[in-house]
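Enquirer: what's the 3D shape of this:
(2 chains)
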Amino acid sequence: MKRFAALFNALDSTTKTGAKTAALVDYFRTAPEADRVWTIALLSGRRPKRVVNATELRTWAAEAAGVPLWLFEESYAIAGDLAETIAHLLPRATQAADPSLDASLRGLIALTGRPEAERRAYVTAAWAGLGPDERFLFNKLMTGGFRMGVSSGLMTRALAQATGVDAAVMAHRLMGDWDPARTRFAELTESGGAETGARPYPFALASGLETAPESLGPAADWLAEWKWDGIRGQIIARAQSFAIWSRGEDLITDRFPEFAPLQDHLPPGTVLDGEIVAWGGTAPLPFADLQKRIARKTVPKKLLTEAPGHFLAYDLLEAEGTDLRETPLAARRARLEAILAALPPGLPISASPVVQGDWPELIALRATARARRAEGLMLKRLSSPYHAGRKRGDWWKWKLDPFSVDAVMLYAQSGHGRRANLFTDFTFAVRDGNDLVPFTKAYSGLTDAEFAEITRWVGKHTVERFGPVRRVVPELVFEIGFEGIQESPRHKSGIALRFPRMLRWRQDKAVDEIDTLESLRSLLRQVSEPGALPAEKEDPGASPPGPQDI
Amino acid sequence: MSAQLLSFTDRGIFCAEGGFYIDPWHPVDRALITHGHSDHARWGHGHYLCTHQALPVMRHRLGDIRAEGIGYGERRQIGGVEVSFHPAGHVPGSAQIRVARGGEVWVVSGDYKVEADGLSEPFEPVACHSFISECTFGLPLFRWQPQAVIAEQLANWWHTNAAEGRASILAAYGLGKAQRLMTLLPQAGPILTHGAVEETTRILRDQGYPLPATTRVVAGMDAKSHPGALIIAPPSALGTAWARRFGPSAEAFASGWMALRGIRRRRGLGTGFVISDHADWPGLNAAIRATGAERVFVTHGYTTPFRRWLEEQGYEAGIVQTEFGGEEADTPSEAEPS
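Expert: Numbers count the residues shown, from 1 in each chain, chains lettered A, B, ... in the order given. A predicted model of the protein is given here:
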């Protein structure tokens, strides 16, 4: 664990990509091979299942530390991190052992399904034998949420550098379903962890377009599509396997049984990239409907009819078993449409329509995105290959500006991790007559300096405390941005927002200038009334797949 | 007999019978000051009383003040009470203030730490009935390692930086922490100081505190003129043009708050040395026990949980409100010494 802790500290103590890469490369060259495999797994989101829950950890740690549980909770509220709280609270180890990362993880995995007494004995003994840094990391392995300030992409590049393999090739080798407990480092980096049959390709990612689209050159060089608000997915239909992967590399085949018939109809050796949406017959349903599907491993019949899944395909990565990623997009798209056109009708799949037009027309069409349940447009260079990961220049997301309202802060709570000790989690209210009605929380969008200033302000303007939550004098006004709004009987305000965040701290505004609940309700009516949807020339669900004029 | 010997007012801790305040935060006629940090020794009082050792820095910081020094342990009658100052171990010259009337004894701890740092007059427990204790680090999260362990970490850090051609810029509060750090370190190279640190260091050195030679950073100094230097500066100097003159450098902050990863990371600093001039959790508990007090008031820190903890340990416990209506220091201001 010491070697792993040294890596963690090296990554944690810098924000410089170069320094992080160097630390990883060194680790991938020198650490024990089994530990390297686990590190790759952890940094690509392949965490072992939890064997201990947070309540158990709290109870065991408080008792081991000899502090009452309430004092443990107070300490946790300040440290903002369970693993760290435990590492600090326990007495220092008398003699620190140094088990390998591999041994530690295997030890934990072996606790699966064991009775509490046995798990507790193992964990408390491990705590007693680890130094503070290793204890913190050991706790992180148990609690999950393991973030080391390193993206999967950065880890992949470092691994590629350490092994002399091309980064895109390495990214592909790391894809799919492989078990770090049964994968050797050489096997993983030389041929790939997962069986090739169900292994997905690394997703191509887009960057946000921050300039006028004209800066991209002639519109004719670009393919425009709606930017759907669904689950990015890859459908793999190969001779021996059928799999659906989410962008987060979760295997979601079983969650969307409606796609199962595709394995009988897609030609063997086909891999599609697209968006999974809940389908309303002619257009996607709001994301909230799809959300009901995401959480479930098995889907009740009712949900299948209420929120049927539909795949809006926009790219073809493999056809007849051949990797097409180096083929220009224009050719991939044409072939994609041909494959979809050959499918029998009634399958839950169609091509994501191509949005046609010159820049002024596209600008006008983009403005209608919300009514079509899209977040804006995607712009993809017709001559571009399908990149592994994010490569700036060929794929752009061109999203609409968010909705926004001015609201006043009502409650503040301190954040976690890097933001522990800072008030960063706020609840906001709008006005309803003489009342202030809380309607959303938001955590992001301000600078550290602004959070620090607000933290000082909260200290002096607390009206009431509820554990870690402070009710404050309703005085600070913020512009809250969000991507969507929907009805929600669970909320006092009757509405729920999608992706709320703070756009600005309006120090120029007073609480009597904030927006009203009525203004939010009217926005809700605008977006949910069918009349608000502009008529569509074609129905992308029922029509034969193909490029469409919109 | 009037009510409580010490009472808690909106100007600070007040002794009616002695007609004085202790570390008041608004101007008063007569102030007893535990130590020279700016949150304890404020400007504008009519008359100041502090230890002889604390006086020179206070005069330097507060300018032309009416002030008087007193020796550690010296007993002085003020009004109807007896007052004496006792080492708090926080910084050179820092004191706890004992106030006695008849058989009743109160002690105001000021800021304190129990580990002897080799520079400050070491903390002495003072028996009392009522103890007013700071609790900046009054949660079991905070357990300091022995000073020698941190000294070794610091020395390694400096050594590695020097070997790799980087200057070592160490941020620390200018009175106390800065001088403690320079005495902790082996003489492995030149120690340079920011003006704010140098002034205090010079005054303390002139008083007879055993401080190593330091050089004030002036125009024209850079990495070439002082390779491998350790530069001690106030936290505000990090990341400024002042710090950039030394070229490639490593920056670190020495504070008890560096125990928390969130705070360390938010500062964007690579390295944090966990070293504090305040008592840690075991230190606070040991100090309180050693006074033999039955009644403990806590102030300056995690007052709410610390009070509850003390009550569960059988003490009669209360909270002394600080300036901002009972706000806990759960949002550490990094400008304050810690």
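Enquirer: Which part of the stretch 201-338 of chain B gets nearest to chain A, residue-wise?
Expert: Residue of the stretch 201-338 of chain B nearest chain A, by CB to the nearest CB: residue B:262 (3.3 Å). Where you see a C-beta, it was placed from the backbone N, CA and C, and this is true even at glycine.
Enquirer: what's the answer for the stretch 1-150 of chain B, then?
Expert: For the stretch 1-150 of chain B, CB to the nearest CB, closest residue to chain A: residue B:141, 4.4 Å.
Enquirer: That residue: how many residues sit nearby?
Expert: Neighbourhood size, residue B:141 [other CB atoms under 10 Å in any protein chain shown]: 24.
Enquirer: quick one, phi/psi of it?
Expert: The phi/psi pair for residue B:141 (degrees, to the nearest 10) reads phi -60, psi -30.
Enquirer: next one: residue A:302
Expert: Dihedral angles (degrees, to the nearest 10) for residue A:302: phi -60, psi -40.
Enquirer: Also the one 10 residues further on?
Expert: When read as degrees, to the nearest 10, the backbone of residue A:312 gives phi -90, psi 100.
Enquirer: about what we covered before: wait, the residue of the stretch 1-150 of chain B closest to chain A sits on residue A:86?
Expert: No. The pair residue B:141 and residue A:86 fails to qualify as a contact (CB atoms under 8 Å) at a distance of 10.2 Å.
Enquirer: which residues of chain B fall in helices?
Expert: B:55-62, B:147-163, B:177-184, B:195-207, B:241-244, B:261-266, B:281-291, B:303-312 (DSSP state H).
Enquirer: tell me the most buried of these?
Expert: helix B:177-184 (a mean of 23; mean count of other CB atoms under 10 Å in any protein chain shown).
Enquirer: next one: that one to chain centre, how far?
Expert: Centroid separation for helix B:177-184 versus its chain: 13 Å, with CA atoms, centre = their mean, to the nearest Å.
Enquirer: sorry, back to before: mind listing what the residue of the stretch 1-150 of chain B closest to chain A touches?
Expert: A:75, A:78, A:79, A:85, A:88, A:89, B:259, B:260, B:281 (CB atoms under 8 Å, 6 or more residues apart in numbering or on different chains).
Enquirer: which one of those has the most neighbours?
Expert: Highest neighbour count within those, by other CB under 10 Å: residue A:85, with 30 neighbours.
Enquirer: Around chain B, pick out the residues from chain A.
Expert: A:12-15, A:65, A:67-68, A:70-71, A:74-75, A:78-81, A:84-85, A:88-89, A:92, A:414, A:416-423, A:448, A:455-456, A:458-460, A:462 (CB under 8 Å from any CB of the partner chain).
Enquirer: Let's see which of those end up in helices.
Expert: Per DSSP H, the residues of chain A next to chain B map to helices at A:12, A:65, A:70-71, A:74-75, A:78-79, A:84-85, A:88-89, A:448, A:455-456, A:458-460.
Enquirer: what about the closest residue to residue B:248 other than its chain neighbours, how many neighbours?
Expert: Once flanking residues are discounted, residue B:248 sits nearest to residue B:166: 4.8 Å by CB to CB, 6 or more residues apart in numbering or on different chains. As a burial measure, residue B:166 scores 19 neighbours (other CB under 10 Å).
Enquirer: tell me the contacts of residue B:166?
Expert: Contacts of residue B:166 by CB under 8 Å, 6+ apart are B:248, B:249, B:250.
Enquirer: thought the first one was touching residue B:167?
Expert: Yes. Using CB under 8 Å, residue B:248 makes contact with residue B:167 at a distance of 7.1 Å.
Enquirer: Next, show the common contact partners of these two.
Expert: With CB under 8 Å, 6+ apart, residue B:248 and residue B:167 have common neighbours residue B:223.
Enquirer: With neighbour numbers in mind, choose between these two.
Expert: residue B:167 (25 against 10).
Enquirer: I'd like to know the beta-bridge partner residues of that one.
Expert: Following DSSP bridges, residue B:167 is listed with bridge partners residue B:249.
Enquirer: Wait, it touches residue B:223, no?
Expert: Yes. Counting by CB under 8 Å, residue B:167 does reach residue B:223; the two are 5.7 Å apart.
Enquirer: hey, what's in contact with both of the two?
Expert: Shared contacts of residue B:167 and residue B:223, counting by CB under 8 Å, 6+ apart, come down to B:229, B:246, B:247, B:248, B:249.
Enquirer: now, the most widely separated pair of those residues?
Expert: Using CB to CB, the shared contacts of residue B:167 and residue B:223 reach their maximum pairwise distance at B:229 and B:248, which is 12.2 Å.
Enquirer: anything in contact with each of these two?
Expert: Common neighbours of residue B:229 and residue B:248, using CB under 8 Å, 6+ apart, are B:167, B:223.
Enquirer: now the helices: where do they sit in the stretch 351-500 of chain A?
Expert: Assigned by DSSP state H, counting those that start in this stretch, the helices in the stretch 351-500 of chain A fall at A:359-366, A:448-460.
Enquirer: what helices or strands is the last one leaning on?
Expert: Meaning helix A:448-460. Contacts defined by 3 or more CB pairs under 8 Å, 6 or more residues apart in numbering or on different chains; DSSP states H and E place helix A:448-460 against strand A:403-414, strand A:423-432, strand A:469-472.
Enquirer: I'd like these written out as a markdown table, with mean pLDDT added.
Expert: Shown next, in a markdown table, are those (pLDDT from 0 to 100):
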| stretch | mean pLDDT |
| --- | --- |
| strand A:403-414 | 92 |
| strand A:423-432 | 92 |
| strand A:469-472 | 90 |
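Enquirer: would you turn the ones you listed into TSV with distance to residue A:395 and mean neighbour count?
Expert: Output for the helices and strands packed on helix A:448-460, formatted as TSV (distance: least, CB to CB, whole Å; neighbours: other CB atoms under 10 Å in any protein chain shown):
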stretch	distance to residue A:395	mean neighbour count
strand A:403-414	25	22
strand A:423-432	32	22
strand A:469-472	41	18
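Enquirer: what pairs with the nearest residue to residue A:469 once chain neighbours are set aside across the strands?
Expert: Distance criterion CB to CB, 6+ apart; nearest residue to residue A:469, sequence neighbours excluded, is residue A:413 at 4.9 Å. Taking DSSP bridges as the rule, residue A:413 bridges to residue A:425, residue A:469.
Enquirer: Distance check, residue A:413 against residue A:438.
Expert: 13 Å (CB to CB, to the nearest Å).
Enquirer: Please apply the same query to residue A:286.
Expert: 22 Å.
Enquirer: Of those two, which one has the most company?
Expert: The neighbour count for residue A:286 versus residue A:438, taken as other CB under 10 Å, is higher for residue A:286 (20 against 16).
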